[in-house]
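In: Fold the following for me, if possible:
(one chain, ligands or ions: 2)
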Amino acid sequence: MALYTRVKESIAVITLKNPPVNALSTAVRRGIVESLSQALQDEQVKAVVFCGENNTFCGGADIKEFSGSMSGPPLVPMIHSIEASEKLIVAAIEGVALGGGLELALGCHYRVADTNARLGLPEVTLGLLPAAGGTQRLPRLIGITAALELITTGRHISAKEALKLGIVDQVIEGNAVLAAMALALSVIGQPLNARRLSLQAPAWVPDVDYVCEAALARVKQRSRGAMAPVACVQAVRAAAMLPYSKGMEKERQLMDMLFRSSQARAMQYAFFAQRSAGKWSLPNGAQWNNTKARNVERVGVIGLGTMGQGIAVSLVKAGISVVAIEVDTKQLELGKKAVTAMLQRYAQRQGVSSPLHLLKFTLSFHQLRDVDLVIEAVFEDMNLKKRVFSELCKVLKENTIICTNTSGLNVDELAAVTDRQHLVVGMHFFAPAHVMRLLEVVYGSGSSPEAVAIAMALGKRMQKVCVAVGNCSGFVGNRMLKHYMDQSVYLLEEGATPEQVDQALEEFGFAMGIFKVADLSGLDVGWRVRKASGLISPDIDPVKPSRWRFGRRYCPLPDMLCQQGRLGQKTGHGWYLYNSPGSKEAKCDPEILKFLEDYRLKYGIIPRRISSQEVIERCVFSLANEGLRILEEGITAGPEDIDIIYLFGYGWPRYRGGPMFYAAQVGLSVVLEKLEHYHHLQPDVPSLEPSQLLRKLVAEGSPPIQQWKSHIKNLHSQL
Ligand SMILES: CCCCCCCC(=O)CC(=O)SCCNC(=O)CCNC(=O)[C@H](O)C(C)(C)COP(=O)(O)OP(=O)(O)OC[C@H]1O[C@@H](n2cnc3c(N)ncnc32)[C@H](O)[C@@H]1OP(=O)(O)O
Ligand SMILES: NC(=O)C1=CN([C@@H]2O[C@H](COP(=O)(O)OP(=O)(O)OC[C@H]3O[C@@H](n4cnc5c(N)ncnc54)[C@H](O)[C@@H]3O)[C@@H](O)[C@H]2O)C=CC1
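Out: Ligands and ions are numbered 1, 2, ... in the order given. Sure, this is the predicted structure:
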């Protein structure tokens, strides 16, 4: 709803009221229309101030309403009537003015923001565009180039930047509502036409087509296959080229197209999935709102290699003191240099003072005696990690939490060597840890809810998107990835090339194809894991290695590449060829094509043409099938958690929601049928066998993804 209040003699205040973010629900829009009409009819009122309850202006349209039948006063005419009002209207922006919230403010004649306010048009992140006049008014206010940047990225900006761009007229420290009233009183009576954005022409740009083409190229590169950023450019172009009313018509047409799209549904699902992942729960009933997290101020990081460096940087950026430990002086110096350089660059970019005083580098575990939590990031070696954990217990306070950044080792086995199994959890960061947003918080069988709560809270403070997951080999992300990678190499055996597989995956929307990712990470990473797991052993024929291991299909191609020293980008060749070691531009390598041909000849495999559709079905449905097994086993609380892991950790295209959402969208019965088909053709690949949960969901009529949790609960109660 919206509250109408008369203050002073001549000012009315309309307060949006819909906690927590005063989203423009049907009731709020109705309240605005009624309150505005009241203000316009009241002869005493000369000016109106719009504000939001609880120091939050407005978080935009109510996204929850998008999936239902939208009723009540529409936004576009509502904002037009605000702009057309003969009485002066000022927006008092506190907290956020996002999406429809900013569009409402753009309809007002003046805008005042408090210093902490954040503004933006983030609709593109929901698969939409700002369709309440945002694409037409903003370019008229700040010019085409700046509007294109804000609308296509959906970036939130500070009040200071908004002032610089000309989006707000004043930024004040203190009460924005009082400041808006003061501004209103100072300008009452002045003509309003110059303040009505729809009446203005956008600032002239020498070559609109060039600017828009450049923006289009940028968005296509940044978010391959996404419709919304392209539509945003088209709408802003219309603002530059067409009269306002025609531009609005174009905005509406583009929004109609986006609003009904599967991409918009996927991105809105992702918005709520991200919030639901934060509301973690454990199988024992402990959850985010019934478990207290102790505060963490000092953290120890053990191992300053690739991961430890990024973790230390993220901690310091969050204002947390770090004691960083290495094994010898050389490694310590290397780590120190890298961490210091990253933090200095960060401080320079942000214009903040260097936070290096929060760091201590040492070789001594004794320096850890005061820390509240430790994150271990030494080599992926169970025995080494066990030794480190035992050492830690000798020096740490009795309530210090011990976390491991292992990518998939058994957290329970590690916890068992400590004197505090209840305080041991996994904190699985993704590389590079200071950039990647995902954090899997892994609870073992003995982890206490408090330890999970502390790790989740710490991750959130480090600006990570945290997902609580159970303890299993590879946890959630890497466990699923294994099956996706297996299928991709089987496809090579059968006739595909790395480029062909990568192209199909990139056209699907992945940021990078699987073989490019493997070259980037280094092929030796997986090689070491396979050796440690016994898949590679000295008795395997080095000339014609077996294509079956442990009774299952196995593809030795990646091992053979490693034996040739082709480890990826770092050696200048892997699945692709690079100009030099470390260079990034992947080129097709004729040697690899020849190597694949020879391989097929050696094993008597007749190559066949493989369609992009088959690539996607085999790679992506394998992922989804393993995700369903994970749900079946209760490793995550719901499908949303898995999707968030893939969106934030594995470059899954946001406009496809995540592997579980994608499976639901394609249709579970289609996924089941395809998996049965491929499993029939590859009976020695057990991961292709449709999961029990998939069969159950299909048998129960393929319920929408939001209802899967209750079906999983039933499955558990039947087991
Ligand atoms: C043909 C049809 C024509 C239609 C025309 C429509 C034209 C339009 O222009 C469409 C739009 O406005 S689309 C909406 C644009 N606004 C946004 O994207 C802002 C989304 N919210 C945020 O970024 C953060 O929540 C925010 C920064 C605001 C706050 O972050 P926090 O971290 O403090 O809090 P969260 O945990 O994110 O959120 C708290 C609770 O609020 C819910 N929520 C947030 N924004 C919402 C919104 N806009 N609508 C509905 N619910 C919303 C959020 O889900 C969470 O709920 P709970 O998890 O239940 O607590
Ligand atoms: N690199 C990656 O992409 C990811 C790695 N991880 C996991 O993170 C952990 C670390 O991996 P990376 O950083 O890649 O390894 P790394 O090899 O880059 O660094 C490991 C560091 O630990 C140090 N170290 C070894 N023993 C030590 C000891 N006793 N005390 C102090 N420091 C010691 C080494 O000197 C080295 O600097 C592993 O468990 C790995 O599986 C997790 C996610 C991603």
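
In: quick one, phi psi at whatever residue of the stretch 151-300 of the chain ends up closest to ligand 1?
Out: Residue of the stretch 151-300 of the chain nearest ligand 1, by C-beta to the nearest ligand atom: Arg275 (4.1 Å). All C-beta spots, glycine's among them, are computed from the backbone N, C-alpha and C. Backbone dihedrals for Arg275, given as degrees, to the nearest 10, come out at phi -70, psi -30.

In: pretty sure Leu439 is in a strand, no?
Out: Yes. Applying DSSP: H, G, I helix; E, B strand; the rest coil, one finds Leu439 inside a strand.

In: who's in contact with the residue nearest to Pro432 when sequence neighbours are not counted?
Out: Of all residues not flanking Pro432 in the chain, Gly310 sits nearest, at 4.8 Å (C-beta to C-beta, 6 or more residues apart in numbering). Gly310 is in contact with Phe429, Ala431, Pro432, Ala433, His434, Val435, counting by C-beta atoms under 8 Å, 6 or more residues apart in numbering.

In: cool, Leu523 as well?
Out: Applying C-beta under 8 Å, 6+ apart, we find Leu523 in contact with Pro558, Leu561, Cys562, Arg566, Leu567, Gly568, Gly574, Trp575.

In: With neighbour count added, can I get those residues in a markdown table?
Out: Below are those laid out as a markdown table (neighbours: other C-beta atoms under 10 Å):
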| residue | neighbour count |
| --- | --- |
| Pro558 | 21 |
| Leu561 | 22 |
| Cys562 | 23 |
| Arg566 | 23 |
| Leu567 | 21 |
| Gly568 | 26 |
| Gly574 | 30 |
| Trp575 | 29 |
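
In: mind listing which of those residues are in helices?
Out: Among the contacts of Leu523, the ones falling in helices (DSSP state H) are Pro558, Leu561, Cys562.

In: Mind listing what's buried along stretch 394-407?
Out: Val395, Leu396, Thr400, Ile401, Ile402, Cys403, Thr404, Asn405, Thr406, Ser407 (16 or more other C-beta atoms under 10 Å).

In: List the ones among the residues you listed that fall in strands.
Out: Ile401, Ile402, Cys403, Thr404 (DSSP state E).

In: which residues of the stretch 1-150 of the chain fall in helices?
Out: 26-41, 75-84, 100-107, 134-142, 144-153 (DSSP state H, counting those that start in this stretch).

In: ok, and of the buried residues of stretch 394-407, which contact ligand 2?
Out: Asn405, Thr406, Ser407 (C-beta under 6 Å from any ligand atom).

In: Can you get me the start-to-end distance on stretch 70-77?
Out: In stretch 70-77, first residue to last residue: 15 Å (C-alpha to C-alpha, to the nearest Å).

In: hang on, I meant stretch 254-263
Out: Stretch 254-263 end-to-end distance (C-alpha to C-alpha) = 14 Å.

In: Residues contacting that stretch, please?
Out: 66, 127-129, 131, 226-228, 231, 234-235, 264, 655-656, 665.

In: Could you give me the ChimeraX syntax to select whichever of these are buried?
Out: Those of those that count as buried under 16+ other C-beta under 10 Å are selected in ChimeraX with:
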select :127,128,129,131,226,227,228,231,234,235,264,655,656,665
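
In: ok, the contacts of stretch 254-263 vs ligand 2, which is closest?
Out: Nearest to ligand 2 among these, with distances taken as C-beta to the nearest ligand atom, is Arg656, at 23.9 Å.

In: what is the mean pLDDT for the helix or strand harbouring Tyr484?
Out: Tyr484 belongs to helix 477-494 when assigned by DSSP states H and E. Helix 477-494 shows a mean pLDDT of 97.

In: That helix close to ligand 2?
Out: No. Helix 477-494 lies apart from ligand 2 when judged by C-beta under 6 Å from any ligand atom; the minimum separation is 8.4 Å.

In: on contacts alone, who are the packing partners of that helix?
Out: helix 498-508, helix 514-521, helix 557-563, helix 590-603, helix 612-632, helix 639-649 (3 or more C-beta pairs under 8 Å, 6 or more residues apart in numbering; DSSP states H and E).

In: residue contacts, Arg275?
Out: Contacts of Arg275 (C-beta under 8 Å, 6+ apart): none.

In: Quick check: residues of the stretch 301-450 of the chain near ligand 2?
Out: Close to ligand 2, as judged by C-beta under 6 Å from any ligand atom, the stretch 301-450 of the chain has residues 302-308, 325-327, 331, 377-380, 384, 388, 405-407, 429-431.

In: Tell me where this protein is predicted with low confidence.
Out: Residue ranges of the chain with pLDDT under 70: 715-719.

In: Show me what from it comes close to ligand 2.
Out: With C-beta under 6 Å from any ligand atom as the criterion, the chain meets ligand 2 at residues 302-308, 325-327, 331, 377-380, 384, 388, 405-407, 429-431.

In: from those residues, which are also near ligand 1?
Out: Applying C-beta under 6 Å from any ligand atom to these, none is adjacent to ligand 1.

In: Is stretch 101-112 positioned near ligand 1?
Out: Yes. Residues of stretch 101-112 contacting ligand 1 under C-beta under 6 Å from any ligand atom: Glu103.

In: Could you tell me how many residues sit around Ser537?
Out: Using other C-beta atoms under 10 Å, Ser537 has 9 other residues around it.

In: And it, its phi and psi?
Out: Torsion angles, degrees, to the nearest 10, at Ser537: phi -140, psi 160.

In: Ignoring the adjacent residues along the chain, who's closest to whichever residue of the stretch 501-650 of the chain sits closest to ligand 1?
Out: Nearest residue of the stretch 501-650 of the chain to ligand 1 (C-beta to the nearest ligand atom) works out as Glu640 at 11.5 Å. Nearest non-adjacent residue to Glu640, counting by C-beta to C-beta, 6+ apart: Ala273, 3.6 Å away.

In: swap in Gly166?
Out: Ile142 (5.3 Å).

In: That neighbour reaches Leu163, doesn't it?
Out: No. The criterion here is C-beta atoms under 8 Å, and Ile142 misses it with Leu163 at 11.3 Å.

In: Residue of the protein nearest ligand 1, please.
Out: For the chain, C-beta to the nearest ligand atom, closest residue to ligand 1: Gly99, 2.4 Å.

In: what about that residue, how many neighbours?
Out: 29.

In: can you pull the contacts of the nearest residue to it once chain neighbours are set aside?
Out: Distances taken as C-beta to C-beta, 6+ apart place Gly60 nearest to Gly99, at 2.7 Å, with adjacent residues excluded. Gly60 makes contact with Val21, Ala23, Leu24, Leu98, Gly99, Gly100, Gly101, Leu102, Pro122, Glu123 under the criterion C-beta under 8 Å, 6+ apart.

In: So the closest residue to Lys317 other than its chain neighbours: helix, strand or coil?
Out: Leaving out its chain neighbours, the residue that sits closest to Lys317 by C-beta to C-beta, 6+ apart is Tyr346, at 6.5 Å. Classification of Tyr346 by three-state DSSP places it in helix.

In: Pull the number of nearby residues for Tyr346.
Out: For Tyr346, using other C-beta under 10 Å, the count is 16.

In: and what of the one 3 residues further on?
Out: As a burial measure, the neighbour count of Arg349 was computed by other C-beta under 10 Å and equals 8.

In: so how far is Ser314 from it?
Out: 15 Å (C-beta to C-beta, to the nearest Å).

In: in stretch 164-178, what's buried?
Out: Of all the residues in stretch 164-178, those buried under the rule 16+ other C-beta under 10 Å are Leu165, Ile167, Val168, Asp169, Gln170, Val171, Ile172, Ala176, Val177.

In: so where does the third one fall, helix or strand?
Out: The reference is to Val168. Assigned by DSSP H and E, Val168 belongs to no helix or strand.

In: quick one, what contacts it?
Out: Ile93, Arg111, Val112, Ala113, Leu119, Ala159, Ala162.
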